[in-house]
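Colleague: Any chance you could fold what I've pasted below:
(3 chains)
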Amino acid sequence: MGKAKGTVIFDSDACKGCGLCISVCPVNILALDTSSVNNKGYHPATAIEPEKCIGCANCATICPDTVITVYRTMEE
Amino acid sequence: MAVVFQKTKGLTDKPFSYCPGCTHGIIHRLVAESLEELGLLDEVIGVAPVGCSVFAYEFFNCDMHEAAHGRAPAVATGIKRVHPDHPVFTYQGDGDLASIGTAEIVHVAHRGEKITTIFVNNAIYGMTGGQMAPTTLVGQKATTAPYGRDAALCGNPIRISEMLATIDGAVFVERVAVNTPANIRKAKKAIKRAFEVQLQGLGFGIVEVLSTCPTNWGLTPVESLEWLEKNMIPYYPLGNFKSPKEEK
Amino acid sequence: MAKVLMKGNEAIGAAAIKAGCKYFFGYPITPQNEIPEYMSRELPKVGGVFLQAESEIAAINMVYGAAGCGVRVMTSSSSPGIALKQEGISYIAGAELPCVIVNISRGGPGLGSIQPAQSDYYQSTRGGGNGDYFHPVYAPASIQETVDLMQEAFDVADKYRTPVMVLGDGMIGQMMEPVEFFEREPLKVEKPWATNGTKGKRKPNIINSLFIDPQALEDHNHRLEEKFELMKKNETRVETFNMEAAEVVCVAYGTTARIVKNAIENCKKEGIEVGLIRPITLWPFPEAAFDEISDTTKVFLSVEMSMGQMIDDVKIAVAGRRPVEFYGRSGGMIPTPEGVVQKIKSILGRE
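Modeller: Numbering: from 1, shown residues only, chains lettered A, B, ... in the order given. Prediction:
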């Protein structure tokens, strides 16, 4: 059984910066991107260490605004 | 690369009108995913309430009725009696269902109307600006309970699921929460099961979903999840109160 | 079809079923109980649904739900029950859904009485519900006319996507008269707006009266206004009687108009010519009938089973061209022809 490798894609302009995704990420790789402001006026959530994502989809599960799409591959 | 999570076709492209961190959006998605997975989107007719989710008819990708405050179960009854073969659901908040619409929800259950009700309990009136709801906890502050809810003055918070579970026509009653990914997954199961019970023609089903209101609770979205866990779940215990017999 | 002797309330039910109404949602209240009783007995025989709701409020909202699905649906009640239905009627008018509401009215205010009354004229024509809306109100004077207007009401409801009220007093509901049901094909109207599942072939249909954008709501209100004007133009109904040389023109509707007709005969015997304008639609009010008044007419007399409500519309229609007098009884007291004659003589100074 290989190790799960995940990819999270954020629809940044749909994000309201609530931070719920950040609070449930088991590998602590999400943060609000304070260097940018989306077209709703929020700092959108983003993956700051995307290579560590395990594709568990906790972030997408708790996102109230269906901002996040999650992909997963199994590495040998 | 496999997709493990993407937006359901059960929702339209319209962005939710909810405040940041409000868990209404999660509950909308669970309902929409359930409808999509059960293949019901082409047939289902939903009923939106009055309250924060008043615009639910813009978010669900299916035929919808907007109802007057509290009357969604009556509207759904009219729809179901015309279309007994179509799935019908109501989506209602605690002011709508547990206050002004108590007669309608009790009697829709009592008739065993074959509909599914999603009841969002966030212990406050959100849309109107944080007034006390029938579900507001004792001591919890609201704009019409500035000193905190006083049980001697306005009674204890109402437990809808426990009450409805005593009614014969209500065959599926479960309380869930959307404060953690694990609880959200359980909530999804309950909602899907409630629709299946409707499809089997067994009677009325309701899923009460404990939800947050960061704006009117005066907490951050993450603090709100914790507040729900610490304060709401002890008073509104999670679990299944009633399932069709063959399932047990 | 031969004439049959029927009680008004039952004839209403029979006419509705003939008009293709298969859904009835109601709540018991005197003096209209024979309507739900009849429907509970007869609708299942034609594959329809009768459902007794937990309240008038629930009943009208069930009507809203069913009407949104595009079927012919009705409810019935009496005055205080209609007051409770006003919320739903406003939503139905706002969402532009067709349905028929029967009001077999009784005395008020409050619990009032269970006797016949016409004190719901304001409630019926001005609406107790919120917002800028009107709906047609038919006021039959006999059981035969009730039956005919019930069929008309369903057609008009579908044609204009509007709630339609049929207003009878307790006498219309309770008395028995011979009626004939004329074969009449219900108007066929396409309802592409109805919610019956998208079938994956169209965008979702939404039944709604909420327009949060001010411009959108104003546009909606303008559209409704155009519809109201169209109904005024096409659906106004009135009967006039003995108008040519009338010194006094009475205005009366429903069963009161029948009493006035007797009074007119009695006046004739005493050499006094009296005419009658009988609005069959209370909304739209037949204002044009007031423009064709003979020069002999000195005065109008509004005769009502109320303390005086329709008289407001009579005054608007007369527009100051003649004086308008009032004669009414209330509380379940029925005006007599003698009472009307006496009032007419008193107005003319011929006592």
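Colleague: List the contacts of residue 62.
Modeller: Let's take chain A. Counting by Cβ atoms under 8 Å, 6 or more residues apart in numbering or on different chains, A:Ile62 touches A:20-21, A:23-24, B:26, B:178, B:180-181, B:184. For the C-beta atoms, the positions are set from N, CA and C on the backbone; glycine is no exception.
Colleague: sorry, should have said chain B
Modeller: Residues in contact with B:Cys62 (Cβ under 8 Å, 6+ apart) are B:10, B:35, B:40-42, B:44-46, C:197-198, C:204.
Colleague: Which of these fall in helices?
Modeller: B:Leu35 (DSSP state H).
Colleague: can you put the contacts of B:Cys62 in a markdown table and add neighbour count and distance to B:Thr166?
Modeller: Below are the contacts of B:Cys62 laid out as a markdown table (neighbours: other Cβ atoms under 10 Å in any protein chain shown; distance: Cβ to Cβ, whole Å):
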| residue | neighbour count | distance to B:Thr166 |
| --- | --- | --- |
| B:Gly10 | 23 | 32 |
| B:Leu35 | 28 | 29 |
| B:Leu40 | 19 | 29 |
| B:Leu41 | 22 | 33 |
| B:Asp42 | 15 | 36 |
| B:Val44 | 28 | 28 |
| B:Ile45 | 30 | 28 |
| B:Gly46 | 31 | 27 |
| C:Gly197 | 22 | 33 |
| C:Thr198 | 18 | 37 |
| C:Pro204 | 19 | 36 |
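Colleague: Of the contacts of B:Cys62, which are in range of chain A?
Modeller: Among the contacts of B:Cys62, none lies close to chain A by the criterion of Cβ under 8 Å from any Cβ of the partner chain.
Colleague: Looking at the contacts of B:Cys62, which one is closest to C:Gly8?
Modeller: Nearest to C:Gly8 among those, counting by Cβ to Cβ, is B:Ile45 at 36.0 Å.
Colleague: So, low pLDDT: which residues of chain C?
Modeller: Across chain C, the ranges flagged by pLDDT under 70 are C:1.
Colleague: What are the structural domain limits within it?
Modeller: Using automatic domain parsing, the domain ranges for chain C come out as C:4-190+C:207-235, C:238-348.
Colleague: Would you mark the buried spots in the least confident helix or strand in chain B by mean pLDDT?
Modeller: Sorting the helices and strands of chain B by mean pLDDT, DSSP states H and E puts strand B:2-5 at the bottom, at a mean of 92. With burial defined by 16 or more other Cβ atoms under 10 Å in any protein chain shown, the residues of strand B:2-5 counted as buried are B:4-5.
Colleague: same question, stretch C:117-126
Modeller: Residues of stretch C:117-126 classed as buried by neighbour count (16+ other Cβ under 10 Å): C:117-121, C:123-125.
Colleague: who touches it?
Modeller: With contact meaning Cβ under 8 Å, 6+ apart, stretch C:117-126 is reached by C:79, C:82-83, C:86, C:103, C:105-109, C:112, C:134, C:137, C:165, C:167, C:169-170, C:253-254, C:256, C:282-283, C:285, C:304-307, C:309-310, C:313, C:330-332.
Colleague: can you pull the contacts of the closest residue to C:Glu54 other than its chain neighbours?
Modeller: With Cβ to Cβ, 6 or more residues apart in numbering or on different chains as the criterion, C:Glu54 has its nearest non-adjacent residue at 3.9 Å, and that residue is B:His107. Going by Cβ under 8 Å, 6+ apart, B:His107 touches B:73, C:53-54, C:58.
Colleague: re the thing from before, so which of the buried residues of stretch C:117-126 comes closest to chain B?
Modeller: C:Gln123 (18.6 Å; Cβ to the nearest Cβ).
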